[in-house]
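Colleague: Predicted model and sequence follow; I will ask about them next.
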Amino acid sequence: MAPEVCPTRPEPTLSFTQGLIFGQLSVVLLIAAFIKFFIFGDPPSPEVTASLRATERRARTLAHKKSLLTLRTSSTRQQPPTLNKKKSNILRSGPPTSTIGSILSKTYYKVDSHQPESLDWFNVLVAQTIAQFRSDAQHDDGILTSLTKALNGSSRPDFLDEIRVSELSLGEDFPIFSNCRIIPVDEDGLSFDGGRKFDPNMAAREGARLQAQMDVDLSDMITLALETKLLLNYPRKLSAVLPVALAVTVVRFSGTLSISFIPSNPSENTPTKMTFTFLDDYRLDFSIRSLLGSRSRLQDVPKIAQLVEARLHKWFDERCVEPRFQEIELPSMWPRMKNTRGGEDAIADFERSMSKAKGAEALKGLHGDAELVGEGRSDRGQDSLRYRRRPRLDEMFNNMGTMPGSMPGVNLEVPT
């Protein structure tokens, strides 16, 4: 038999060292490409970003409206049974509850032909309120304390150190409201078809309500700057620390604000509520600055700005952009004595404050006199103690010279 011959193995074309070098270079190139195109890549222009966000919000709003219309056609709404409460016999029965048609006719407002209003008086009131809020914030650290407490709440992740507010600017300008108009909407907040003329009777049967829409425009510099540290807790706790500084500035906001009232329901014991929301055509621009590191610092990383801006837009959309809205419960509008101010009460409060001020001044004067009297008594007490000190025997003899009853010319000093 012929001896078996083992086949020869092909030798590798690259040695171990060459393969290691090639692998390290590949990793370095991938990291460099990630840093260049992902972190330091040029962000899209603000106009393109705003257009994309507006398209996304509009698609979400249309999908919500479509789902509401589908629910309306597929199922009928069942009204809950109402409790028949006994009506008062004292209160005279007046006309039926005012409907949309009666409200619009008695206020001489025509939905189809009324011109939008300017709201100049409303801008003045809002400006005074904001100016007072800024003035209070300058003399009180309440807003700073609230922000710090909210930022360092229970939802703060473990890899973040304590967040500190390093700068807070509430701006100098005021929002401008304009172009206010009244639009009827149904019970779901959807506007009626614009192709046909508005019919108040039909709207009343469909459970419509009136909604005020106004344009809002704000150009200001509202800044919030934060400082914290990123903590690396692997493989052991506090393995590395990376200082981070972030400053977010609201540059401009423009949009459409919608305000409406939800009437109370006595059968369900629900109060009157006010709702407000912004339409999906708003524009919100930020200026974001960032700083990473302590020695070798990275300043204004574009990707960090994009992530922070996207997070802020998401936070705003999830709270007060249609179809979501904010609901505020309104107090009772009936006059109450505990809410009354002015008149004789104002005079009494003024006199009470003046008496308190005079009492404080008088008490301060008494304290001053008491201090002066106490100082005088302490000085006299010290002098009396000094003069009342019992003199020594030699001082008495030196001052007196001779003892009483001694003969003149006789020296009583004992020779030593």
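Modeller: Thanks, I have the structure now.

Colleague: Remind me which helix or strand Ile130 belongs to.
Modeller: Under the criterion of DSSP states H and E, Ile130 resides in helix 120-139.

Colleague: whoops, I mixed them up, Ile182
Modeller: Counting by DSSP H and E, Ile182 is found in strand 176-185.

Colleague: For Ser258, name its beta-bridge partners.
Modeller: Note on Ser258: beta-bridge partners by DSSP bridges are Gln213, Thr277.

Colleague: Report pLDDT for Met337.
Modeller: With respect to pLDDT, Met337 scores 76.

Colleague: where along the protein do the helices fall?
Modeller: 16-34, 46-74, 100-106, 120-139, 142-151, 200-205, 302-320, 344-387, 393-400 (DSSP state H).

Colleague: And the fifth one, what's buried?
Modeller: Read it as helix 142-151. Across helix 142-151, burial judged by 16 or more other Cβ atoms under 10 Å covers 148, 151. C-beta: built from backbone N, CA, C; applies to glycine.

Colleague: Let's see that helix as PDB, backbone CA atoms only.
Modeller: Extracted in PDB, the C-alpha atoms of helix 142-151 (Å, rounded to 0.1, in the frame of the first residue of the first chain):
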ATOM      1  CA  GLY A 142     -38.800  81.100  44.300                       C
ATOM      2  CA  ILE A 143     -38.600  80.400  40.600                       C
ATOM      3  CA  LEU A 144     -35.000  79.400  40.900                       C
ATOM      4  CA  THR A 145     -35.700  77.100  43.800                       C
ATOM      5  CA  SER A 146     -38.700  75.500  42.000                       C
ATOM      6  CA  LEU A 147     -36.600  74.900  38.800                       C
ATOM      7  CA  THR A 148     -33.800  73.300  40.800                       C
ATOM      8  CA  LYS A 149     -36.200  71.100  42.700                       C
ATOM      9  CA  ALA A 150     -37.900  70.100  39.400                       C
ATOM     10  CA  LEU A 151     -34.700  69.300  37.600                       C
END
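
Colleague: Pull the residues that contact that helix.
Modeller: 136-137, 163-165, 168, 224, 226 (Cβ atoms under 8 Å, 6 or more residues apart in numbering).

Colleague: quick one, what contacts the residue lying closest to Thr270 once chain neighbours are set aside?
Modeller: Counting by Cβ to Cβ, 6 or more residues apart in numbering, the nearest residue to Thr270 once its immediate chain neighbours are dropped is Ser264, at 5.8 Å. Residues near Ser264 by Cβ under 8 Å, 6+ apart: 270-272.

Colleague: quick one: Ser264 from Thr275, how far?
Modeller: Distance of Ser264 to Thr275, computed by Cβ to Cβ, to the nearest Å: 14 Å.

Colleague: distance of the closest residue to Arg164 other than its chain neighbours from Ile143?
Modeller: Counting by Cβ to Cβ, 6+ apart, Glu227 is the residue found nearest to Arg164 once chain neighbours are left out, at 5.0 Å. Using Cβ to Cβ, Glu227 is found at 18 Å from Ile143.

Colleague: Equivalent analysis for Leu71, please.
Modeller: From Leu71 to Ile143 the distance is 43 Å (Cβ to Cβ).

Colleague: Residue ranges in the protein under the pLDDT threshold?
Modeller: For the chain, the stretches flagged by pLDDT under 70 are 1-14, 36-42, 72, 74-98, 188-189, 191-207, 343-350, 353-354, 356-416.

Colleague: on that earlier part again, and the direction of the helix holding Ile130 versus that of helix 142-151, what angle?
Modeller: Orientation of helix 120-139 against helix 142-151 (axes from the mean of the first three to the mean of the last three Cα atoms, to 10 degrees) gives an angle of 80 degrees.

Colleague: what does helix 120-139 rub up against?
Modeller: For helix 120-139, the external contacting residues (Cβ under 8 Å, 6+ apart) are 142-143, 170-171, 174-177.

Colleague: Between those, which sits nearest Asn339?
Modeller: Gly142 (24.2 Å; Cβ to Cβ).

Colleague: Can you point out the buried residues in stretch 273-290?
Modeller: 275, 277-280, 282, 284, 286, 288-290.

Colleague: Please produce CSV containing those, extended by distance to Arg297.
Modeller: Shown next, in CSV, are the buried residues of stretch 273-290 (distance: Cβ to Cβ, whole Å):
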residue, distance to Arg297
Thr275, 46
Thr277, 41
Phe278, 37
Leu279, 41
Asp280, 39
Tyr282, 35
Leu284, 29
Phe286, 22
Ile288, 16
Arg289, 12
Ser290, 10
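
Colleague: which among those residues gets closest to Leu30?
Modeller: Ranked by distance to Leu30 (Cβ to Cβ), these are led by Ser290 at 24.0 Å.

Colleague: got a list of what that closest one touches?
Modeller: So Ser290 contacts 244-247, 298-301, 304-305, 308 (Cβ under 8 Å, 6+ apart).

Colleague: if I look at it, how far off is Val308?
Modeller: 8 Å.

Colleague: hmm, back to that, okay if I get the contacts of helix 120-139 as a markdown table plus distance to Phe34?
Modeller: Shown next, in a markdown table, are the contacts of helix 120-139 (distance: Cβ to Cβ, whole Å):
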| residue | distance to Phe34 |
| --- | --- |
| Gly142 | 44 |
| Ile143 | 40 |
| Leu170 | 39 |
| Gly171 | 38 |
| Phe174 | 44 |
| Pro175 | 42 |
| Ile176 | 44 |
| Phe177 | 46 |
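
Colleague: When you filter these down to buried only, what's left?
Modeller: Burial by neighbour count, 16+ other Cβ under 10 Å: within the contacts of helix 120-139 this picks out 170-171, 174-177.
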